[in-house]
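> following is a predicted model, sequence given first.
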Amino acid sequence: METAAPPRVQALAETGVSRLPAQYIQPPEHRPAHPSSSPVPAALSVPVVDLSSPNAADAVRAACADWGAFHVVGHGVPGELLDAVRGAGLAFFRAPMEDKLRFACDPARGAAAEGYGSRMLANDDSVLDWRDYFDHHTLPESRRDPAHWPDFVPGYRDTIVKYSNSMKDLAQRLLRIISENLNLPPSYIEEVVGEVYQNITISYYSPCPQPDLALGLQSHSDMGAITLLIQDDVGGLEVLKDGMWIPVAPLPDGILVILADQTEVLYINMLYHQY
Ligand SMILES: O=C(O)CCC(=O)C(=O)O
């Protein structure tokens with residue numbers, strides 16, 4: 001568990017440091033593979049599902065079975081809202097450190113802390129991620145207190161509330177499609193999972209002086225039912241498929257869907273029992 005506030009990566013990167021401090025250096029087996037050492041077949045890219053298409057449910061079925069991750073387009077969430085979230089996050093991270101630190105997460109609360117922080121996953125305390133983040137507790141509404149979120153970026157709090165509600169609707173729509181694809185009642189996964197519990201994390205990856213030695217965020221699976229993720233245009237995200245890390249190219253206005261642990265376990269169990 002986190003007990004002392006780690007330095008913010010952005011502050012370190014902005015000093016112009018040319019060598020990575022030791023606590024960010026991954027052991028050789030966890031370092032990013034050199035592209036030339038493990039070429040990814042060009043045909044391997046995360047599927048894109050158009051949710052407005054009549055074949056959407058079949059496409060979701062195939063994407064869940066083959067990948068466990070897929071982009072959705074035709075999802076009905078306005079591109080302006082996605083841009084507003086990206087813009088709000090960037091405005092926060094570009095603000096002076098003293099403003100950001102007013103919303104720092106409480107290190108004593110460990111990974112559950114809401115706010116501005118630098119380390120979230122704690123399964124390897126000895127190596128830090130080259131990442132800063134702002135974590136928002138958004139659902140259920142009893143956890144949602146916009147007063148905990150930045151007040152110095154115009155529209156920030158309102159944007160996060162709108163995004164939270166839109167992502168909840170989209171997540172429920174996807175979970176219903178996934179339930180039906182498993183020949184279950186549409187509300188099955190939602191009922192098994194229980195009350196909607198949602199965190200929204202905005203990640204900020206600073207330029208890294210020795211990117212071959214560090215990870216922005218260590219490899220992990222996600223807790224919960226489903227992850228919805230939007231990227232900027234930089235890239236860097238990867239998903240594991242058949243033992244290979246596959247880059248996820250950003251898709252403008254696309255939303256990346258990742259089956260999280262609970263849905264993945266259910267999915268595998270149901271397929272196993274059906275066939
Ligand atoms: O926030 C990010 O950049 C990555 C998020 C992620 O890896 C995840 O949600 O599983």
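Arrived safely, thanks for sending.
> in the stretch 151-275 of the chain, what residue lies closest to the ligand?
Taking CB to the nearest ligand atom as the measure, the point where the stretch 151-275 of the chain comes nearest the ligand is S203, at 3.5 Å. Where you see a C-beta, it was placed from the backbone N, CA and C, and this is true even at glycine.
> what about that residue, distance to F92?
S203 is 12 Å from F92, where distance means CB to CB, to the nearest Å.
> partner residues bridging the residue of the stretch 151-275 of the chain closest to the ligand?
Note on S203: beta-bridge partners by DSSP bridges are Y133.
> pull out the buried residues from the host helix or strand of E191.
Taking DSSP states H and E as the definition, one finds E191 inside helix 188-193. Neighbour counts using 16 or more other CB atoms under 10 Å place Y188, I189, E190, V193 of helix 188-193 among the buried residues.
> looks like the last one contacts A225 (just checking).
So the one you mean is V193. Yes: between V193 and A225 there is a contact at 4.7 Å, judged by CB atoms under 8 Å.
> what is in contact with the two at once?
Contact with both V193 and A225 is made by residues L175, Q262, according to CB atoms under 8 Å, 6 or more residues apart in numbering.
> adding pLDDT, write the buried residues of helix 188-193 out as a markdown table.
What follows is those, written out as a markdown table (pLDDT from 0 to 100):
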| residue | pLDDT |
| --- | --- |
| Y188 | 94 |
| I189 | 92 |
| E190 | 93 |
| V193 | 89 |
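> which one of those residues is nearest A56?
A56 lies nearest to I189 out of the buried residues of helix 188-193, by CB to CB, at 16.9 Å.
> relative to H75, how far out is the closest one?
18 Å.
> returning to what we had before: and the helix holding E191, what does it pack onto?
helix 156-181, helix 261-274 (3 or more CB pairs under 8 Å, 6 or more residues apart in numbering; DSSP states H and E).
> so which of those helices is the most surrounded?
helix 156-181 (a mean of 19; mean count of other CB atoms under 10 Å).
> that one and the ligand in contact?
No: using CB under 6 Å from any ligand atom, helix 156-181 never reaches the ligand; the gap is at least 12.2 Å.
> do stretch 127-147 as well
No: taking CB under 6 Å from any ligand atom as the criterion, stretch 127-147 and the ligand are apart, separated by no less than 6.8 Å.
> please compute how far that stretch lies from its chain's middle.
12 Å (CA atoms, centre = their mean, to the nearest Å).
> which non-adjacent residue is nearest D66?
Of all residues not flanking D66 in the chain, P47 sits nearest, at 7.3 Å (CB to CB, 6 or more residues apart in numbering).
> actually, Q262.
Per CB to CB, 6+ apart, closest to Q262 is A225, 4.9 Å.
> swap in G68?
L259 (4.5 Å).
> OK, contacts around that neighbour?
Applying CB under 8 Å, 6+ apart, the residues near L259 are C64, G68, A69, I178, I226, Y267.
> separation between the first one and the ligand?
Meaning C64. To the ligand, C64 is 16 Å away according to CB to the nearest ligand atom, to the nearest Å.
> how about the secondary structure of that residue?
Following DSSP: H, G, I helix; E, B strand; the rest coil, C64 is assigned to helix.
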